[in-house]
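1. Need coordinates for the below:
(4 chains)
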Number of protein chains: 2
Amino acid sequence: MIKGHVKLADIAKAAGVSQGTASNVFSRPEVVREEVRERVLGIAKDLGYNGPDIKGRLLRAGRVNAIGVAAIEPLAYFFEDPWARALMTEVSAVCDATGTGIALVSAQNQQKLSWNINSALVDGFILLCVEGGEQLVALTRRRQLPFIALALGDGDAAIPAIGLDNIAGAAQAARHLADLGHQRFAILAIGLTGGEAGAMAPEQAVRSLKFTSRDRALGYWQALADFGIGRADVPIHATQNDRPTVDAALEALFETARPPTAILAMSDRIALFAMQWLAGRGYAVPDDVSVIGFDGVPEAATVVPGLTTMAQPLAEIARRAVAAILEDAAPAQQEALDVTLIVRGSTAPPPAV
Amino acid sequence: MIKGHVKLADIAKAAGVSQGTASNVFSRPEVVREEVRERVLGIAKDLGYNGPDIKGRLLRAGRVNAIGVAAIEPLAYFFEDPWARALMTEVSAVCDATGTGIALVSAQNQQKLSWNINSALVDGFILLCVEGGEQLVALTRRRQLPFIALALGDGDAAIPAIGLDNIAGAAQAARHLADLGHQRFAILAIGLTGGEAGAMAPEQAVRSLKFTSRDRALGYWQALADFGIGRADVPIHATQNDRPTVDAALEALFETARPPTAILAMSDRIALFAMQWLAGRGYAVPDDVSVIGFDGVPEAATVVPGLTTMAQPLAEIARRAVAAILEDAAPAQQEALDVTLIVRGSTAPPPAV
DNA sequence: ATCCTTTCTTGAATCGATTCAATCTTGTAT
DNA sequence: ATACAAGATTGAATCGATTCAAGAAAGGAT
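-> Below you'll find the model as predicted:
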């Protein structure tokens, strides 16, 4: 019988039992008399029926046992971006443990994303809000499913979100280097609200950086102030989190008369690009220049020398996020988690002058 | 977030139109008179109805517009393994273009995997068969959905699969190094059927390596034979595709009186581990030792020096695989695609003696 | 033989939409 | 005024299961 669509009703009819009983044979076998159960199962095997179709089941149940992870990025983002990957790894671990599926939801343009969010078969969403978080939240709202935003810069407390204490983390990073004796710092920033990259004045930074990066900048400044280093003494260059803009920033920084001995990078990605640029120019890390990153991506541990960084508690973030969706218990307000300093080989005292 | 109980039927009733018309308002608006359409949309907005629920729609349509990618690995595999990531990146690109969703399906133990495969809401599966491919295929068969196996070592032609011409690729790799003048080779293999790693004799390799690795070994040997280098002259060490076993193999190889000047690694992962080991021991790549990998993962391009490798046509693989699922047009038999040599900095003529 | 439990089984309702043949409206041409 | 095509709307069937109140059968006690 090539006709591929045997359904439960067919089995029931063929076995001479009601559809309800047939359903029980598969979903609650203990309630059906053994004799009947075996007969039904036999018929099912004969007809090539492999158990209830998941689509019918889920329509009835109303849940699909999967969570969606969404971002305003191409789908490949989940596999390419180091932070996204590290986070997904942890989310995967949690989902593995709870038997929950993962569906990737994304699109670059608003319209497609909207469609994808609306048609994703999931019980809720984890939103990766690195770019355009507000839009993502707005789009997801309409779906009327539980969701939780991650890395949402914006301070709107009404949005269920898990954030980081970026100010404290950045301060700790700067303090680490200052404690080592560094005096000449430079900041490599991300996340301009506008598009351009380049050097910027502190006031300008406060104005045009997005929340996450602004907080990190504030943290750096705050710690350095304790060491008598003013904002104006710390050049800050915005990048687009990619190699060309990082390279350009470094070119500019190391052309000056007093190049920095310590680089505060707002992401590990930037820090890693910076280390490669430095290696290419013959600057030794950490002997000539120290570099500290932010995020704690796995690559930071494997590169040589290891990258000192402020690690996000990704496992904790993932655990809370998945739990929030599964139990529909999103935090009433934003939670901010601590980042922790991980010292590796990329930071050391500055070279003796 | 409590889900509103408004459904299409409620809207229809409230607007005084039939359910069919209400459905058309959302799914085929052009067929409904403008006046009616606006009235219905108005009512919908008032009642807080956000368009057709996807579950009902899909039940009717019978397809969910998503494909599952499955592997017998923890879910994190998709984000951690370089080959899987590179492949997923390409699959993502294809899915992005066609508006198809991606669901990740995996589990380490058989039973859970079986459950996950059976309950995944997808239109078909792409199977990553690096480990335990046969089991994966067997499990997927039962679901009676289109599927296609990738990297399936086994030669069973009845399974729809996309493979590689490993023999030709490996031969090309070995020829590249032999053309450069190398004479002392060593092979770092993967994929033992048993568990142990270590040095092995050629006959043993043929016997105990899995299909993919065996073919690669055969390819290496075949090309080297043309240069008068016999199988017995090429030490072959099995690894488990991880750092410890690669390190152990290299320790053994470079302890000998005639260490190799050219390393044939069966995966980029192994090759990259090898390059790190060599760097740690003070061997210069490519001046002292040349290394060639296999797979063409992105890291091979970014490492310094770049890794020469045999690149898999991942984009092509992804394109075909997704098309096969979406059009239910899996190839009747296994297809084998060509790999291409990408020369980077890790290979050069051997050191002058 | 009667009554009461237990244990199975039934049948119909439900989940939330789409589809399509049939019917009803219009508008236009004759 | 009549006929007819084109366009809009209806209503019932369908997708594939689960659920649960109610009925039937079997077994035990009196």
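2. Quick check: the closest residue to DNA strand D within the stretch 151-300 of chain A vs residue A:129, distance?
-> Closest to DNA strand D within the stretch 151-300 of chain A is residue A:160: 28.3 Å, counting by C-beta to the nearest atom of the strand. To be clear about C-beta, it is placed using only N, CA and C from the backbone, and glycine gets the same treatment. As judged by C-beta to C-beta, to the nearest Å, residue A:160 and residue A:129 stand 12 Å apart.
3. which residues do these two both contact?
-> Common contact partners of residue A:160 and residue A:129 (C-beta atoms under 8 Å, 6 or more residues apart in numbering or on different chains): residue A:149.
4. Next, the contact list for residue A:89, please.
-> Residue A:89 is in contact with A:298, A:314, B:76, B:79, B:80, counting by C-beta under 8 Å, 6+ apart.
5. repeat for residue A:101
-> Neighbours of residue A:101 in contact, by C-beta under 8 Å, 6+ apart: A:64, A:65, A:66, A:67, A:95, B:103, B:104, B:105, B:116, B:119, B:120, B:121.
6. go again using 10 Å as the cut-off
-> By C-beta atoms under 10 Å, 6 or more residues apart in numbering or on different chains, the contact set of residue A:101 is A:64-68, A:95, A:121-123, B:68, B:75, B:103-106, B:116, B:119-122.
7. so where's the stretch 101-250 of chain A uncertain?
-> The stretch 101-250 of chain A contains residues with pLDDT under 70 at A:153-156, A:192-196.
8. which residue does it bring closest to DNA strand D?
-> Counting by C-beta to the nearest atom of the strand, the stretch 101-250 of chain A gets nearest DNA strand D through residue A:121, at 14.4 Å.
9. Now do the same contact list for that residue.
-> Per C-beta under 10 Å, 6+ apart, neighbours of residue A:121: A:55, A:58, A:64-66, A:68, A:101, A:103, B:54-55, B:58, B:64-66, B:101, B:103, B:120-122.
10. try it again with 6 Å
-> Neighbour list for residue A:121: A:64, B:64, B:121 [criterion: C-beta atoms under 6 Å, 6 or more residues apart in numbering or on different chains].
11. Check the spacing between the first one and residue A:100 real quick.
-> Think residue A:64. Between residue A:64 and residue A:100 the computed distance is 10 Å (C-beta to C-beta).
12. Compare these two (neighbour count), which wins?
-> Using other C-beta atoms under 10 Å in any protein chain shown as the criterion, residue A:64 and residue A:100 rank with residue A:64 on top: 26 against 21.
13. Is the more buried one part of a helix or strand, or is it coil?
-> Three-state assignment for residue A:64 (DSSP: H, G, I helix; E, B strand; the rest coil): coil.
14. how about stretch A:327-336, does it reach chain B?
-> No: on the criterion C-beta under 6 Å from any C-beta of the partner chain, stretch A:327-336 is out of touch with chain B, staying 6.8 Å away.
15. who in the stretch 1-150 of chain A is up against chain B?
-> With C-beta under 6 Å from any C-beta as the criterion, the stretch 1-150 of chain A comes near chain B at residues A:50, A:54-55, A:59, A:64, A:74-76, A:79-80, A:85, A:88-89, A:92-93, A:96, A:101-104, A:119, A:121, A:142, A:144, A:146.
16. at 7 Å instead, please
-> Residues of the stretch 1-150 of chain A lying near chain B by C-beta under 7 Å from any C-beta of the partner chain: A:4, A:50-51, A:54-56, A:58-59, A:64-66, A:74-76, A:79-80, A:85, A:88-89, A:92-93, A:95-96, A:99, A:101-105, A:107, A:112, A:116, A:118-121, A:142, A:144-146.
17. What are the boundaries of the strands in the stretch 151-300 of chain A?
-> Listed in chain order, the strands of the stretch 151-300 of chain A (DSSP state E, counting those that start in this stretch) span A:161-164, A:185-189, A:198-200, A:236-238, A:262-265, A:290-295.
18. Let me have those strands in JSON lines, extended by distance to residue B:334 and mean neighbour count.
-> Converted to JSON lines, the strands of the stretch 151-300 of chain A look like this (distance: least, C-beta to C-beta, whole Å; neighbours: other C-beta atoms under 10 Å in any protein chain shown):
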{"stretch": "strand A:161-164", "distance to residue B:334": "46", "mean neighbour count": "24"}
{"stretch": "strand A:185-189", "distance to residue B:334": "49", "mean neighbour count": "26"}
{"stretch": "strand A:198-200", "distance to residue B:334": "53", "mean neighbour count": "16"}
{"stretch": "strand A:236-238", "distance to residue B:334": "51", "mean neighbour count": "24"}
{"stretch": "strand A:262-265", "distance to residue B:334": "47", "mean neighbour count": "29"}
{"stretch": "strand A:290-295", "distance to residue B:334": "42", "mean neighbour count": "28"}
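19. The ones you listed into a markdown table, with extra columns for distance to residue A:12?
-> A markdown table is the format used below for those (distance: least, C-beta to C-beta, whole Å):
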| stretch | distance to residue A:12 |
| --- | --- |
| strand A:161-164 | 47 |
| strand A:185-189 | 65 |
| strand A:198-200 | 71 |
| strand A:236-238 | 66 |
| strand A:262-265 | 64 |
| strand A:290-295 | 56 |
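20. List only those of the contacts of residue A:101 flagged as buried.
-> A:64-68, A:95, A:121-123, B:68, B:75, B:103-106, B:116, B:119-122 (16 or more other C-beta atoms under 10 Å in any protein chain shown).
21. what's the domain layout of chain A?
-> Here the domain parsing of chain A from automatic domain parsing is A:8-61, A:66-163, A:165-312+A:338-342.
22. how much distance is there from stretch A:321-341 to the middle of the chain?
-> Computed by C-alpha atoms, centre = their mean, to the nearest Å, the chain-centroid distance of stretch A:321-341 equals 13 Å.
23. An error on my part: the question was meant for stretch A:7-25.
-> Distance, centroid of stretch A:7-25 to centroid of chain: 46 Å (C-alpha atoms, centre = their mean).
24. how long is that stretch from one end to the other?
-> 14 Å (C-alpha to C-alpha, to the nearest Å).
25. In contact with the closest residue to the residue of the stretch 151-300 of chain A closest to DNA strand D other than its chain neighbours, which residues?
-> Closest residue to residue A:160 apart from its sequence neighbours, by C-beta to C-beta, 6 or more residues apart in numbering or on different chains: residue A:330 at 3.4 Å. Applying C-beta atoms under 7 Å, 6 or more residues apart in numbering or on different chains, we find residue A:330 in contact with A:146, A:148, A:160, A:324.
26. Any chance of a ChimeraX selection covering the buried ones in those residues?
-> Burial among the contacts of residue A:330 is assessed by 16+ other C-beta under 10 Å; the matching ChimeraX selection reads:
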select /A:146,148,160,324
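27. Can you pick out the ones from the contacts of residue A:330 that are in helices?
-> Mapping the contacts of residue A:330 onto helices (DSSP state H) picks out residue A:324.
28. circling back to that earlier point, please tell me how far the residue nearest to residue A:160 sits from residue A:158.
-> 11 Å.
29. ranges for the helices of the stretch 1-150 of chain A?
-> With DSSP state H, counting those that start in this stretch, the ranges of helices along the stretch 1-150 of chain A come out as A:8-15, A:19-27, A:34-47, A:54-61, A:77-80, A:82-98, A:110-119, A:133-143.
30. cool, and the stretch 251-353 of chain A?
-> For the stretch 251-353 of chain A, the helices defined by DSSP H, counting those that start in this stretch occupy A:268-280, A:299-302, A:314-326.
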